[in-house]
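J.: Please work out how this folds:
(chains A, B, C and D)
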Protein chains: 2
Amino acid sequence: MRILLVEDDDRIARDVMTALEVAGFVVERERDGEAAWFRGETEDYAATILDLGLPTMDGLSVLKRWRAGGCRVPVLILTARDTWMERVDGIDAGADDYLPKPFRMEELLARLRAVLRRHAGQGSSLITIGAFRLDTRQMRLSRDGIPVALTPQEFRLVSYLMHHAGRVVDSGELIEQLYSRDSDRDANAIEVLVGRVRKKLGQELIQTRRGFGYIIEQDQP
Amino acid sequence: MRILLVEDDDRIARDVMTALEVAGFVVERERDGEAAWFRGETEDYAATILDLGLPTMDGLSVLKRWRAGGCRVPVLILTARDTWMERVDGIDAGADDYLPKPFRMEELLARLRAVLRRHAGQGSSLITIGAFRLDTRQMRLSRDGIPVALTPQEFRLVSYLMHHAGRVVDSGELIEQLYSRDSDRDANAIEVLVGRVRKKLGQELIQTRRGFGYIIEQDQP
DNA sequence: CAGCGGTTGTCAGCGAATTGTCAGCAGGAC
DNA sequence: GTCCTGCTGACAATTCGCTGACAACCGCTG
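T.: The predicted structure follows:
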């Protein structure tokens, strides 16, 4: 789960990042509004934690701009100014939750999880491609109705490729999705992962586009 | 089962909380409408018991706002003013049931259970999975018709997993549901609990999805 | 109040599963 | 042929979940 944290205060940012990482999230951080907007627009995060008071562009403007541009990422707003008006503004602008500073780290985590859960509850949990069916509710992949045992990382790989079936995904993108941005995983880690998955699911499902990346084709033989 | 109680009268609140806790629910309480709205919006409760006369925001407004925001949590309304109009207003605003004060605690419990049942889509207070049958009214789990002795916490765990059968539930969610928000339980507490339940019910019922969480599958072998 | 049985969270340690790294290899591309 | 990309088996470090022991706590009983 990759989370975007937008917070200009270094100290708060550090604390939050630590807590999130301990909780198993992959966190990336931006300091100012403009950069945050760009990141959110161009990258794919499971959720965003957004401070309102930011340099270069106000948090609410960032949020409104994302929504205007069709970006549906769940947003958890942080703010020092805890007023009723702001709360309403935030929700109106399309925030999913709102947390006044100061806050306890556990509360942030709880709310973040709640936001993620609610958001996950909306998407369809079944994707079928060929003989394979991915059920993200059950966290299970089955082939001809028979469950296949995948490790968490393998499951994430297949899940991502199936969610983007019909499109070539390069290893850089996979590394971004499966690992934190600043972790220096080798592209070989992906190759190994793909190899392991193929050993379990057969050579056909994940195809290599030499020089470009991997693809799961929409319509299987 | 986590319940949100919104009630400004300390005495009533205390009585209700005691009764609910004895009945095996985890209860969290808010005193005023604004806080209640926010809690309901951001957290995940099995049901809400909502008093109408509240400080800062009227109960009906809280409810309407929840519904407007897409929050579907079952709501049981409490009110001192038992008028036909109010009843209609409550149901119109999206309440699931309506209980005039003063009420007997057993009636509150019965209605709460009814609301939970209806929301779960079950016609009765029984959930059957494989050889196991959960009776939330009797707070009893039986296997092949023979009651199994579970401790309160074990029962809550099984109950939650059975109510969400077919979905992987991670330990964070379980901790949220089994303990009140302000306790900081380790994930290991859940592992231990699962271990104890398995010792009583066998290894098959609760399955581990390594790296993701636990699941009770809808259709047992 | 002391003692008791039952409940429940914490802790430490174990064993297995997971996963990244590395080195060597295979086979296209040119 | 040579180079480059991707595949694979082996290996080791790490993580993860499970378990037994323990202690705190609670309600009950004498």
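J.: Point to the residue nearest the middle of chain A.
T.: Residue closest to the average C-alpha location in chain A (CA atoms, centre = their mean): residue A:46, at 2.7 Å.
J.: Phi, psi for that one please.
T.: Main-chain torsions, residue A:46, degrees, to the nearest 10: phi -70, psi -30.
J.: which residues touch it?
T.: A:1, A:2, A:3, A:25, A:73, A:74, A:116 (CB atoms under 8 Å, 6 or more residues apart in numbering or on different chains). Yep, even glycine has a C-beta here, placed from its N, CA and C like the rest.
J.: how near is it to residue A:1?
T.: Using CB to CB, to the nearest Å, we find residue A:46 at a distance of 4 Å from residue A:1.
J.: So for those two, which residues contact both of them?
T.: By CB under 8 Å, 6+ apart, the residues touching both residue A:46 and residue A:1 are A:25, A:116.
J.: so residue A:158 sits right up against residue A:141, yeah?
T.: Yes: if you go by CB atoms under 8 Å, residue A:158 and residue A:141 touch, sitting 6.0 Å apart.
J.: shared neighbours of those two, anything?
T.: A:134, A:150, A:201.
J.: from these, which is closest to residue B:212?
T.: When these are compared for distance to residue B:212 (CB to CB), residue A:150 wins out at 10.5 Å.
J.: Tell me who's in contact with the closest one.
T.: A:141, A:158, A:197, A:200.
J.: buried residues in the one helix or strand the first one maps to?
T.: Taking DSSP states H and E as the definition, one finds residue A:141 inside strand A:140-143. For strand A:140-143, a neighbour-count test (16 or more other CB atoms under 10 Å in any protein chain shown) marks A:140, A:141 as buried.
J.: Which helix or strand lies directly C-terminal to the helix or strand of chain A with the lowest mean pLDDT?
T.: Lowest mean confidence among the helices and strands of chain A (mean pLDDT, DSSP states H and E): helix A:84-92, at a mean of 59. Tracing the chain C-terminally past helix A:84-92 and defining elements by DSSP H and E, one meets strand A:97-100 next.
J.: Could you tell me how far that following strand lies from the centre of the chain?
T.: Here strand A:97-100 shows a centroid-to-chain-centroid distance of 20 Å under the convention CA atoms, centre = their mean, to the nearest Å.
J.: Pull out the buried residues from the helix or strand following it.
T.: Downstream of strand A:97-100, the first helix or strand assigned by DSSP H and E is helix A:105-120. Neighbour counts using 16+ other CB under 10 Å place A:108, A:109, A:110, A:111, A:112, A:113, A:114, A:115, A:116, A:118 of helix A:105-120 among the buried residues.
J.: Counting by contacts, list what helix A:105-120 packs against.
T.: Packing partners of helix A:105-120 (3 or more CB pairs under 8 Å, 6 or more residues apart in numbering or on different chains; DSSP states H and E): helix A:10-22, strand A:47-51, strand A:75-79, strand A:97-100, helix B:33-42, helix B:171-178.
J.: Please name whichever of these is nearest to DNA strand C.
T.: DNA strand C lies closest to helix B:171-178 among the helices and strands packed on helix A:105-120, at 6.7 Å (CB to the nearest atom of the strand).
J.: Contacts for that closest one next, please.
T.: Outside helix B:171-178, the residues touching it (CB under 8 Å, 6+ apart) are A:23, A:109-110, A:113, A:117, B:1-2, B:26, B:44, B:153, B:156-157, B:160, B:185, B:187, B:189-191, B:193, B:213-214.
J.: Now with 6 Å, please.
T.: Residues outside helix B:171-178 that contact it (CB atoms under 6 Å, 6 or more residues apart in numbering or on different chains) are A:113, B:2, B:156, B:160, B:185, B:187, B:190.
J.: of those residues, closest to DNA strand D?
T.: Out of the contacts of helix B:171-178, the member with the shortest distance to DNA strand D (by CB to the nearest atom of the strand) is residue B:187, at 6.7 Å.
J.: how much space between that closest one and residue B:170?
T.: From residue B:187 to residue B:170 the distance is 9 Å (CB to CB).
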